[in-house]
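>>> fold the following for me, if possible:
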Amino acid sequence: MVIPVHKGVIPIFLMIVAAVLVSGCIFSSSQLDKIPPHIIAATEALSDLDLIEGNINTFSLDDEIYLINQLLSDNEGYQDDEEQLSSQYHAYRTWNDAFELMSQILRDDYMIYQSHLRQAERLYEDFNYVGWREEIIRAKSQAARMAEKSREAAYMMDTIPTEDIPADLQQSLRQSRYAMMEIARQSTSLENTLQQML
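Numbers count the residues shown, from 1 in each chain. This next block holds a predicted model:
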């Protein structure tokens with residue numbers, strides 16, 4: 001038995017199939033297109049932080065990191081649909097991982113550094129100079145770790161191919177790396193200051 005098919009049915013069917021096949025790429029691209037504003041905002045937030053001045057509130061940076069992670073998570077099922085989109089996805093993932101590392105340094109590692117300094121101050125007031133020196137050495141080692149981790153984050157930025165990100169993010173890529181190296185420089189400055197105290 002032959003089932004009659006109207007001439008207009010096949011073209012419509014093919015259009016539906018084509019739409020289904022490309023819908024993943026369209027969704028993926030639109031999701032990735034939402035990320036650059038958050039990358040720029042996170043870069044600005046990171047650039048505003050300063051260890052020397054004690055400006056280490058990472059609230060704005062952490063907020064942008066969270067939003068970027070959400071968009072990347074929404075895109076995970078689609079990121080292998082197209083080579084260019086996949087490369088862009090991995091570039092954004094690396095960038096956000098570097099942001100997360102910097103947030104950890106400024107939020108957690110710096111707090112450990114500060115706790116050693118506070119303990120050193122208490123010991124000094126108690127005339128416990130041996131204990132004071134030990135805490136200064138611990139704080140100095142913590143500052144060195146902060147510098148090393150900041151450089152690690154900056155090196156992560158070096159692995160992002162410039163061709164994998166939009167042109168309007170090229171400046172932010174350089175700015176992010178500079179901000180990370182600046183935190184590394186500030187950490188080294190703190191380390192050197194403590195060394196002079198010993």
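>>> by mean pLDDT, point me to the weakest helix or strand of this structure.
helix 9-32 (a mean of 48; mean pLDDT, DSSP states H and E).
>>> kindly export the helix or strand following that one (C-alpha atoms) in PDB.
Going down the chain from helix 9-32, the next helix or strand is helix 36-47, by DSSP states H and E. Extracted in PDB, the C-alpha atoms of helix 36-47 (Å, rounded to 0.1, in the frame of the first residue of the first chain):
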ATOM      1  CA  PRO A  36      31.600  38.700  28.000                       C
ATOM      2  CA  PRO A  37      29.900  41.400  30.100                       C
ATOM      3  CA  HIS A  38      30.500  39.400  33.200                       C
ATOM      4  CA  ILE A  39      34.100  38.800  32.200                       C
ATOM      5  CA  ILE A  40      34.600  42.500  31.900                       C
ATOM      6  CA  ALA A  41      32.900  43.200  35.200                       C
ATOM      7  CA  ALA A  42      35.000  40.600  37.000                       C
ATOM      8  CA  THR A  43      38.100  42.100  35.500                       C
ATOM      9  CA  GLU A  44      37.200  45.500  36.800                       C
ATOM     10  CA  ALA A  45      36.400  44.100  40.200                       C
ATOM     11  CA  LEU A  46      39.800  42.300  40.400                       C
ATOM     12  CA  SER A  47      41.600  45.400  39.200                       C
END
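>>> after helix 36-47 comes which helix or strand?
Following helix 36-47 in sequence order, the next helix or strand is helix 59-75 (DSSP H and E).
>>> look up how far Ile56 lies from Ala98.
To Ile56, Ala98 is 17 Å away according to C-beta to C-beta, to the nearest Å. Every residue, glycine included, has its C-beta placed from N, CA and C.
>>> so which bits of the strand or helix carrying Arg177 are buried?
Secondary structure assignment for Arg177, by DSSP H and E: helix 170-197. Neighbour counts over helix 170-197 (16 or more other C-beta atoms under 10 Å) mark 172-173, 175-177, 179-184, 186-188, 190-191, 194 as buried.
>>> stretch 136-152 too?
Buried-residue list, stretch 136-152, by 16+ other C-beta under 10 Å: 136-140, 142-144, 146-147, 149-151.
>>> closest one of those to Glu76?
For the buried residues of stretch 136-152, the minimum distance to Glu76 (C-beta to C-beta) is 26.5 Å, reached by Lys149.
>>> residue contacts, the closest one?
Counting by C-beta atoms under 8 Å, 6 or more residues apart in numbering, Lys149 makes contact with Leu101, Gln104, Ile105, Asp109.
>>> contacting residues for the first one?
In other words, Leu101. Contacts of Leu101 by C-beta under 8 Å, 6+ apart are Lys149, Glu152, Ala153, Met156.
>>> which helix in this structure runs the most residues?
Identified as the longest helix of the chain according to DSSP state H is helix 129-158.
>>> per-residue pLDDT, the closest residue to Ile40 other than its chain neighbours?
Using C-beta to C-beta, 6 or more residues apart in numbering and skipping residues adjacent in sequence, the residue nearest Ile40 is Ser172, 5.2 Å away. For Ser172, the pLDDT comes out at 97.
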